[in-house]
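Asks: structure here, sequence nowhere to be found:
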Ligand code: GDP
């Protein structure tokens, strides 16, 4: 397939030792060649693929050096997008990297849309449907890091799991086939029943496990709806500001793009927080009163996470206690702020009220405790496994729907065997499970089933 050449900053926004501008497309090499001056007269068009070259980027108009760079040339199809890819490593920092981006845009590249590199990887056949969908979904998470974390974890993991399950089902189907073909052997039938139950239960458990990740997948996709509550003056705005300022990696904040900056999205260790009703926090001083208001109740109800802020420098008030009541049964992190000031709050009582909820102490004025808070947020929602990166997330609603259907089908299999339903009927449900799972990864259906069944049958018997 042929596309125009796209470019984007591929490293997170902000300060870093190096930053990378990536180009992909037929013109990737020739565009950079217009700007790159390496040693002697070396042209990137002539260099071997997958090599890196030191040199300078020169603005052809002013003939000024724009940046000292290392340029990696990777020719398709052995690249992420399967197209020609050029990566310009430049010095970190927003200004430099933007200048480089602007330069390549001026000389023939188009600014990539979010996820466009990945989209190309799919369109050019490098990744399968579920991976591509997952990527496209996650892009809506609005935060760069959340996307990357999920992406890394997802690289084929869901597909591999699904494939493994389908393989199990195929093997089972092969056995069922034997049973249908040689019904005269009694023990075969018994064995088949036993094996069917075993395998079907295994598949069922795996599907259920996948469905359980959907919640986290949803968080990665949509952001974790978060509400900051607390009496006036406890430090809610300060908290909001700390979270926003410490987590600048908001994908939409690229100069030169027209997309709106949604500043309520912050990215905390891979957990995209969607700070709800932040305007409300800024505008209304008395949030406790607000809680009585219908709208605030609704906001609270919609929240996945409540950040409840208390003031270390004041005694607990009935309003504080009311707040705890209002968020009963929700995911709450209790924050005792203003730790730099003398303690007047009854910490024992706070611990009692907090029950099992994480309790973090901060001094937001001095930017202290924010790390611990972020840690608490991350571990609350990923049980610390986020960094370990061994989760497979299901976040796409189509996948979830298919998994649910597959679960129904496999339940029918189990029920069927238990009730002594004729094996060829059970076989239909089992095949349906296989097909539904296959739809997730966009596999072709009947023909390969027949082929596989046949090959297995011959090999095994
Ligand atoms: P809000 O009304 O809950 O949004 O509270 P603000 O964030 O506006 O903070 C109220 C006041 O407390 C401001 O003057 C902040 O500078 C101050 N403040 C916030 N956090 C701290 C802290 O940790 N220590 C001290 N000493 N003052 C703080």
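Replies: Right, received. Where do you want to start? Every value quoted in this text rests on a predicted model; they were computed, and no experiment measured them.
Asks: which residues of the stretch 251-400 of the chain lie near the ligand?
Replies: Within the stretch 251-400 of the chain, the residues that sit near the ligand (CB under 6 Å from any ligand atom) are 337, 338, 340, 341, 363, 364, 365. C-beta coordinates here come from the backbone N, C-alpha and C atoms, glycine included.
Asks: tabulate these (a markdown table), appending pLDDT, secondary structure and neighbour count.
Replies: As requested, those are exported to a markdown table (pLDDT from 0 to 100; DSSP: H, G, I helix; E, B strand; the rest coil; neighbours: other CB atoms under 10 Å):
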| residue | pLDDT | secondary structure | neighbour count |
| --- | --- | --- | --- |
| 337 | 97 | strand | 27 |
| 338 | 97 | coil | 25 |
| 340 | 97 | coil | 13 |
| 341 | 96 | coil | 13 |
| 363 | 97 | strand | 18 |
| 364 | 93 | helix | 25 |
| 365 | 91 | helix | 14 |
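Asks: may I ask which two of the residues you listed are separated the most?
Replies: The distance between the two most remote of these (CB to CB) is 11.5 Å, for 341 and 364.
Asks: contact partners for residue 343?
Replies: 312, 313 (CB atoms under 8 Å, 6 or more residues apart in numbering).
Asks: revised request: answer the last question for residue 321.
Replies: Residue 321 touches residue 353, counting by CB under 8 Å, 6+ apart.
Asks: that one and residue 334, how far apart?
Replies: As for residue 321, its distance to residue 334 is 12 Å (criterion: CB to CB, to the nearest Å).
Asks: which neighbours do those two have in common?
Replies: residue 353.
Asks: buried sites along the longest strand seen in the chain?
Replies: Ranked by residue count under DSSP state E, the longest strand found in the chain is strand 64-74. Buried residues in strand 64-74, counted by 16 or more other CB atoms under 10 Å: 66, 67, 69, 71, 72, 73, 74.
Asks: what mean pLDDT does it get?
Replies: In this model, strand 64-74 carries a mean pLDDT of 94.
Asks: any idea which helix or strand comes after that strand?
Replies: Next in sequence after strand 64-74, counting helices and strands by DSSP states H and E, comes strand 85-91.
Asks: show me which of the buried residues of strand 64-74 is closest to the ligand.
Replies: Within those, proximity to the ligand (CB to the nearest ligand atom) peaks at residue 67, which comes in at 40.0 Å.
Asks: what sits against the closest one?
Replies: With CB under 8 Å, 6+ apart, residue 67 has these contacts: 56, 57, 90, 91, 96, 99, 100.
Asks: quick revisit: run the angle between the longest strand of the chain and strand 85-91 for me.
Replies: 140 degrees (axes from the mean of the first three to the mean of the last three CA atoms, to 10 degrees).
Asks: quick one, phi psi at the nearest residue to residue 362 once chain neighbours are set aside?
Replies: Once flanking residues are discounted, residue 362 sits nearest to residue 369: 3.1 Å by CB to CB, 6 or more residues apart in numbering. Taking degrees, to the nearest 10, you get phi 90, psi -10 for the backbone angles of residue 369.
Asks: right, and residue 369 touches residue 361 too?
Replies: Yes. If you go by CB atoms under 8 Å, residue 369 and residue 361 touch, sitting 5.7 Å apart.
Asks: how about the strands of the chain, start to end?
Replies: 6-9, 18-24, 36-38, 51-59, 64-74, 85-91, 110-111, 224-230, 265-268, 271-275, 305-311, 332-337, 359-361.
Asks: what packs against the shortest one?
Replies: So the one you mean is strand 110-111. strand 6-9 (3 or more CB pairs under 8 Å, 6 or more residues apart in numbering; DSSP states H and E).
Asks: shouldn't residue 357 be in contact with residue 330?
Replies: No. Contact between residue 357 and residue 330 fails when scored by CB under 8 Å: they sit 9.1 Å apart.
Asks: okay, those two: which has more neighbours?
Replies: More neighbours surround residue 357 than the other of residue 357 and residue 330, with 19 against 15 (other CB atoms under 10 Å).
Asks: contacting residues around the more buried one?
Replies: Contacts of residue 357 by CB under 8 Å, 6+ apart are 331, 332, 333, 334.
Asks: rerun at 7 Å
Replies: 332, 333, 334 (CB atoms under 7 Å, 6 or more residues apart in numbering).
Asks: ok, the residues you listed vs the ligand, which is closest?
Replies: Among the contacts of residue 357, and counting by CB to the nearest ligand atom, the member closest to the ligand is residue 334, at 14.6 Å.
Asks: ok, that closest one - contacts?
Replies: Neighbours of residue 334 in contact, by CB under 7 Å, 6+ apart: 308, 310, 350, 354, 357, 359.
Asks: can you rerun that using 6 Å?
Replies: 308, 354, 357, 359 (CB atoms under 6 Å, 6 or more residues apart in numbering).
Asks: pLDDT-wise, which helix or strand of this structure ranks last?
Replies: Sorting the helices and strands of the chain by mean pLDDT, DSSP states H and E puts helix 446-460 at the bottom, at a mean of 33.
Asks: tell me the domain ranges of the chain?
Replies: 6-112, 132-213+394-444, 222-386 (automatic domain parsing).
Asks: quick check: which of those is nearest to residue 119?
Replies: Of the domains of the chain, nearest to residue 119 by CB to CB is domain 132-213+394-444, at 6.8 Å.
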